[in-house]
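Novice: Below are the sequence and a predicted model; questions follow.
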Amino acid sequence: MRPLLLAGICLIFFLCGCSASDVKSITLPRTFNAKEEGWFNLNHPMIYFDPTTYSTMVATMRQLPGVKSVRIPVHWAILEPNQNETSAVYLQRLDAALDALNASSIGVVLFFVGSPSWITSDTTNGRDAFPPLSNYPYVDRAVWLAKRYQYRGLEAIQVWNEVNLPGFWGPVENPTAYYQLYQETCAAVRGNVSTVSCLFAGMAYYSQMPNYGGAFMFNALYQAGGLTGVSSVAYHPYFNRPEGDDGDNNPHDFLEGASYLNSQLKAGGVGKVWAGETGWSTYTGAVIEQPLITEDEQADYLIRRLILLAATGFDRIFIFAAYDFPDSLSGNARDEKYGIVAVDGRKKPAFAAIQYYLQNFFMGATQPLGACSVDNSTISPSNTTIYAVSMTVNATTTPRHVVFLWSPSGYRGALSVKCGSIISGYLASGPIMGTVFDVVRQAQVSTVSVSGSGDFAVQLDSSIRAVVFTAAPAPSSSAPVSVGAIPQQPPQSSAATPQLAPTAKTSSANQLLGGALGRLIVLNVFAW
């Protein structure tokens, strides 16, 4: 038997608590070009909205620098409610969505999910969140989709979604049965359409299976030889906070868990690892698993998560979601509000923050940079957590040597930062300055003097601080430090955006994840 791929990951979540201020100094695991590699992507179920709004939605998504692809669900039970009879309206919308995206050079990843009543293995109630009685009809329709859209922007088809949860693969998750469906489907797709990739389903969280004591489905697939040579796999790292859920016990549980998982998947033969869904809802009212957050907090969370997704070695990421869902599309208030754009077209603060971050601090050739440390001896209270993430980014004509600083525990005050390993060697001798930006609020807030050994003090007043290093002006000059063009956000159009009207309602299948990692909250999305 092959050794377990992820044998050590559970230990990460049970580390002892921290008794002193905790600083995490991080740099990137590899050099990559975010734009050329299609790093930034979105989830958006366009086919459930009025096609007259598609051009507006595509234009809005296009405003996010480097957006490469949009991930869209294809719900088999709606596409083919009766055997050999496709829904004309559904198919027309799917055609229109892919054509609109393709016209703007945005690719599409489809995940094909949900058994129709005529083929579902739930012969009692006809539920769609069960696998089909026979794999052949599913395989046949997946090939049909690949052939229909191979020249219309389709990049990949994912076989089902979140199959490690019984809410998506009922009545109980079954890695053997799922792997058989995957093998048959992908052999047929690859044999008929060489230009379309066929991929495993995106796994919920780290692929834990509740009915198997929290065991990882990735391990089961690895044991079966299913991961060796696979081009890409995806999982959906939903957490209550960007850094994880474990709080004082281990404030870095996402950073450490995702870093370990990604490295092990690649060691096991996987080419690339995707974060297929990640995001937070801005719903209000009664709490539905995810704690309530404001729209400003959503912006802050998403920027912190984007930085950590790069630091943990994800090759592509898909924000969930581009737009909020209308009432009739989702099962509850929480599921409606994951978007960074409201249903009426209003951009939430997260949209502008992501746009600013990608344009000025990330989109381009990005490479590791020596780590910065923070002196924690003067930080109070003792359980304060500080993150310092450094990288070099060629987002503009001038390379930027940047360190991002924030406190998941909400610390506000002075930080004493030491970046000697990244100061030496890349600037000419002479004074060095750091220009400080508030990334979430898209503003330059101050400048700081940097010593020759790379030490500086910065005030962490709110949100995330980005310190960009540059040569200081001559002492006699009073001119502001220039760090290259960091434009203000372009004025947003005041024109009314058409209301987005849905045509289908989804069912909710939210589950609490059990087993060893049972404290993780399953934020169920696309639960048909």
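Specialist: Here it is on my side, so go on.

Novice: so what secondary structure elements neighbour the longest strand along the chain?
Specialist: With secondary structure taken from DSSP state E, the chain has its longest strand at strand 385-394. Counting contacts by 3 or more CB pairs under 8 Å, 6 or more residues apart in numbering; DSSP states H and E, strand 385-394 is packed against strand 22-27, helix 295-311, strand 365-368, strand 373-374, strand 400-406. Heads up, the C-betas are built off the backbone N, CA and C, glycines and all.

Novice: And stretch 89-109, what's buried?
Specialist: Going by neighbour count (16 or more other CB atoms under 10 Å), the buried part of stretch 89-109 is 90-91, 93-94, 96-98, 100-102, 106-109.

Novice: mind putting those in TSV, distance to Lys272 and pLDDT included?
Specialist: Listed next are these as TSV, based on distance: CB to CB, whole Å; pLDDT from 0 to 100:
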residue	distance to Lys272	pLDDT
Tyr90	31	96
Leu91	31	97
Arg93	30	97
Leu94	26	98
Ala96	30	98
Ala97	25	98
Leu98	23	98
Ala100	27	98
Leu101	21	98
Asn102	23	98
Ile106	19	98
Gly107	15	98
Val108	18	98
Val109	13	98
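
Novice: List just the nearest of these to Asp128.
Specialist: Tyr90 (14.0 Å; CB to CB).

Novice: Which of the helices or strands spans the closest one?
Specialist: Assigned by DSSP states H and E, Tyr90 falls within helix 88-103.

Novice: Output the contacting helices and strands for that helix.
Specialist: Helices and strands touching helix 88-103, by 3+ CB pairs under 8 Å, 6+ apart, are helix 54-62, strand 69-75, helix 76-79, strand 107-113.

Novice: Sheet-wise, list the partners of the helix or strand containing Asn41 with their directions.
Specialist: Following DSSP H and E, one finds Asn41 within strand 40-43. If you go by DSSP bridges, strand 40-43 pairs up with strand 69-75 (parallel), strand 316-319 (parallel).

Novice: Could you give the separation of it from the chain centroid?
Specialist: 7 Å (CA atoms, centre = their mean, to the nearest Å).

Novice: Check stretch 371-387 too.
Specialist: Centre to centre, stretch against its chain (CA atoms, centre = their mean), the figure for stretch 371-387 is 27 Å.

Novice: So which bits of that stretch are buried?
Specialist: Buried, per 16+ other CB under 10 Å, within stretch 371-387: Ala371, Cys372, Ser373, Val374, Asn376, Ile379, Asn383, Thr384, Thr385, Ile386, Tyr387.

Novice: so which pair among those residues is furthest apart in space?
Specialist: Taking CB to CB, the two most distant members of these are Ala371 and Asn383; they sit 22.2 Å apart.

Novice: Help me confirm that Tyr301 comes into contact with Glu243.
Specialist: No - using CB atoms under 8 Å, Tyr301 is not in contact with Glu243; the gap is 9.7 Å.

Novice: and Thr123, which of the three is it?
Specialist: What DSSP: H, G, I helix; E, B strand; the rest coil gives for Thr123 is coil.

Novice: which SSE is Tyr178 in?
Specialist: When secondary structure is defined by DSSP H and E, Tyr178 falls within helix 175-192.

Novice: right, and the helix or strand after that helix?
Specialist: Using DSSP H and E, the helix or strand that follows helix 175-192 in sequence is strand 197-200.

Novice: and that next one, C-alpha only, in PDB?
Specialist: The C-alpha trace of strand 197-200 is given here as PDB (Å, rounded to 0.1, in the frame of the first residue of the first chain):
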ATOM      1  CA  SER A 197      -9.000  19.600 -19.800                       C
ATOM      2  CA  CYS A 198     -10.900  17.200 -17.600                       C
ATOM      3  CA  LEU A 199     -10.400  17.600 -13.800                       C
ATOM      4  CA  PHE A 200     -11.400  16.200 -10.500                       C
END
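
Novice: Off-centre distance for that strand?
Specialist: Here strand 197-200 is found 18 Å from its chain centre; the criterion is CA atoms, centre = their mean.

Novice: Ok, stretch 239-248 next?
Specialist: In terms of CA atoms, centre = their mean, the centre of stretch 239-248 is found 15 Å from the chain centre.

Novice: ditto for stretch 24-40
Specialist: The chain centroid and the centroid of stretch 24-40 are separated by 13 Å under CA atoms, centre = their mean.

Novice: ditto for stretch 105-116
Specialist: From the chain centre to the centre of stretch 105-116 is a distance of 17 Å (CA atoms, centre = their mean).

Novice: Just the endpoints, please. Distance across it?
Specialist: One end of stretch 105-116 sits 32 Å from the other (CA to CA, to the nearest Å).

Novice: what about Leu145, is that helix, strand or coil?
Specialist: helix.

Novice: Report the buried residues of the helix or strand of the chain with the lowest mean pLDDT.
Specialist: Lowest mean confidence among the helices and strands of the chain (mean pLDDT, DSSP states H and E): helix 420-423, at a mean of 76. Buried positions in helix 420-423, judged by neighbour count with 16+ other CB under 10 Å: Ser421, Ile422, Ile423.

Novice: and what of stretch 262-276?
Specialist: By 16+ other CB under 10 Å, the buried positions in stretch 262-276 come out as Asn262, Gln264, Leu265, Lys266, Gly268, Val270, Lys272, Val273, Trp274, Ala275, Gly276.

Novice: what would those residues look like in a markdown table with secondary structure, distance to Val172 and pLDDT?
Specialist: As requested, the buried residues of stretch 262-276 are exported to a markdown table (DSSP: H, G, I helix; E, B strand; the rest coil; distance: CB to CB, whole Å; pLDDT from 0 to 100):
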| residue | secondary structure | distance to Val172 | pLDDT |
| --- | --- | --- | --- |
| Asn262 | helix | 28 | 97 |
| Gln264 | helix | 26 | 96 |
| Leu265 | helix | 24 | 97 |
| Lys266 | helix | 30 | 95 |
| Gly268 | coil | 25 | 94 |
| Val270 | coil | 26 | 96 |
| Lys272 | strand | 30 | 97 |
| Val273 | strand | 26 | 98 |
| Trp274 | strand | 26 | 98 |
| Ala275 | strand | 26 | 98 |
| Gly276 | strand | 23 | 98 |
